[in-house]
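1. Show me how the following folds:
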Amino acid sequence: MTESIPPLLVAFDLDDTLAPSKSGIDPRIGELLIALAERVEVAIISGGQLAQFTTQVVDRLPDASADALGRLHLLPTCGTQYYRLADDEVVTVYKRSLTDDQKSRALAAVEGEARRLGFWETETWGDILEDRGSQITFSALGQRAPVPAKTAWDPTGEKKNSLRAAVAALLPDLEVRSGGSTSVDITEQGIDKAYGMRQLAAQTGISLEDMLFVGDRLDPDGNDYPVLAMGVRCHAVDGWEDTVVYLEQLIPTLPVRV
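-> Numbering: from 1, shown residues only. Got it, this is the predicted structure:
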């Protein structure tokens, strides 16, 4: 897709793209997402679980038509789960899961390596380890850690990346990725946001060339990078405020569906 051809689907990362990490969207983001959904298909792809999508985004959307809400696609855990909105409910399209053996080995490996490297913290907010069904997630400071604490824990990403590499060496049959600001995610091999984009193409019939992805971690070490590497048109942002500015420019260029 060239710059002059409008996208038929716009996909977003969640944390630090649509909202601060683990926080609800600003009302302006909600308004813009609905305005966008009145024009094109809208998807959210994140390593987070469905509960984060509902509390951070779905529950905070403004009133909208059934048609607009029906154009929202929710892909938690990088697309290993897929949900749509219909009749004010979240409807499951599909949901994959790790095996019990994969889960137990992943949990043991990430905890063991975090302790060995000195990254197992004692002052935390919520669970450090989380079983998301299709994904095991390590969050150094816990799932509910405040944004300033998470930002201060690993400002360069060095801790998270070294933990990812150590765990990956122990789990060659699984995919180990840097997730959010303090997290490491473990899934089946080949599961990343590029996988989620391919699932979007398969489910919607929209080609990858007609999609646009917006994310804050498109750098080579970032969890949005696989989308860029697969050739999908991407736009980099630095926080939800940047996303507001970009959508305010993009949306007027797209025709409203009638």
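2. which residues touch the lengthiest helix in the chain?
-> In the chain, ranked by residue count with DSSP state H as the criterion, the top helix is helix 100-116. When contacts are taken as CB atoms under 8 Å, 6 or more residues apart in numbering, the neighbours of helix 100-116 outside the stretch itself are 98, 120, 128-129, 131, 136, 138, 140, 163, 166-167, 170-171, 173-174, 184, 186, 188. Where you see a C-beta, it was placed from the backbone N, CA and C, and this is true even at glycine.
3. Emit the ChimeraX select command for whichever of these are buried.
-> One line in ChimeraX is enough to select the buried ones among the contacts of helix 100-116; burial here means 16 or more other CB atoms under 10 Å:
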select :98,120,128,131,136,138,140,163,166,167,171,174,184,186,188
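4. Where strands are concerned, which of the contacts of helix 100-116 count?
-> Secondary-structure check on the contacts of helix 100-116 using DSSP state E: residues within strands are 129, 131, 136, 138, 174, 184, 186, 188.
5. coming back round to it: for the longest helix of the chain, give the mean pLDDT please.
-> In this model, helix 100-116 has an average pLDDT of 98.
6. re the thing from before, and of the ones in strands among the contacts of helix 100-116, the nearest to residue 239?
-> Nearest to residue 239 among the ones in strands among the contacts of helix 100-116: residue 184, at 22.1 Å, using CB to CB.
7. per-residue confidence at the nearest residue to that closest one once chain neighbours are set aside?
-> Taking CB to CB, 6 or more residues apart in numbering, and ignoring the residues beside it in sequence, residue 184 has residue 138 as its nearest neighbour in space, at 4.6 Å. What the model reports as pLDDT for residue 138 is 97.
8. Next, find the distance separating residue 138 from residue 164.
-> Using CB to CB, to the nearest Å, we find residue 138 at a distance of 9 Å from residue 164.
9. which residues are in contact with both of the two?
-> For the pair residue 138 and residue 164, residues contacting each of them under the criterion CB under 8 Å, 6+ apart are residue 184.
10. From residue 210, how far out is residue 133?
-> Separation of residue 133 from residue 210 (CB to CB) stands at 30 Å.
11. Those two: who's more crowded?
-> When neighbours are counted by other CB atoms under 10 Å, residue 210 comes out ahead of the other of residue 133 and residue 210, with 19 against 16.
12. Residue 85 is in contact with residue 69, correct?
-> Yes. Counting by CB atoms under 8 Å, residue 69 touches residue 85, with 4.5 Å between them.
13. How about residue 210, nearest residue that isn't a chain neighbour?
-> residue 8 (4.3 Å).
14. Over to residue 231?
-> Distance criterion CB to CB, 6+ apart; nearest residue to residue 231, sequence neighbours excluded, is residue 208 at 6.9 Å.
15. Next one: the residue nearest the centre of the chain from residue 255, what distance?
-> For the chain, the residue sitting closest to the mean C-alpha position, by CA atoms, centre = their mean, is residue 46 at 1.3 Å. Between residue 46 and residue 255 the distance, using CB to CB, works out to 28 Å.
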